[in-house]
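Student: Take this sequence and fold it.
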Amino acid sequence: MNKVIGTWRKSSFSNPSGNCVEVAEATNGQVAVRNSRDPESGTLFYTRPEIDAFVRGAKAGEFDYLTS
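Tutor: Below you'll find the model as predicted:
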């Protein structure tokens, strides 16, 4: 079973009351992701290669259509 072992962090671009995702280090080298507005609603766990692929895609603009 996966477990969060690091401190939850959110983007420095979010305002203090903003809705954001938070990330933390998890067991087995995974990354935990949750909703900062409702942290008790659940946590998703991703491998580092999955997170890396997502971040590279976001930086490349692959998800820009979702925010325009």
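
Student: Which parts of the chain are helices?
Tutor: 48-59 (DSSP state H).

Student: where do the strands sit along it?
Tutor: Secondary structure of the chain (DSSP state E): strands located at 9-10, 21-25, 31-35, 44-46.

Student: which residues are contacting the last one?
Tutor: By CB atoms under 8 Å, 6 or more residues apart in numbering, the residues outside strand 44-46 that reach it are Asn2, Ala26, Gln30, Val31, Ala32, Val33, Arg34, Phe54. Heads up, the C-betas are built off the backbone N, CA and C, glycines and all.

Student: so who does Gly42 touch?
Tutor: Arg34.

Student: measure it to Gly57 for me?
Tutor: 23 Å (CB to CB, to the nearest Å).

Student: What of Asp38?
Tutor: Plainly put, Asp38 is 25 Å away from Gly57 if you go by CB to CB.

Student: swap in Val31?
Tutor: 15 Å.

Student: Look at those two and report which has more neighbours.
Tutor: More crowded of Val31 and Gly57, by other CB atoms under 10 Å: Val31, with 19 against 11.
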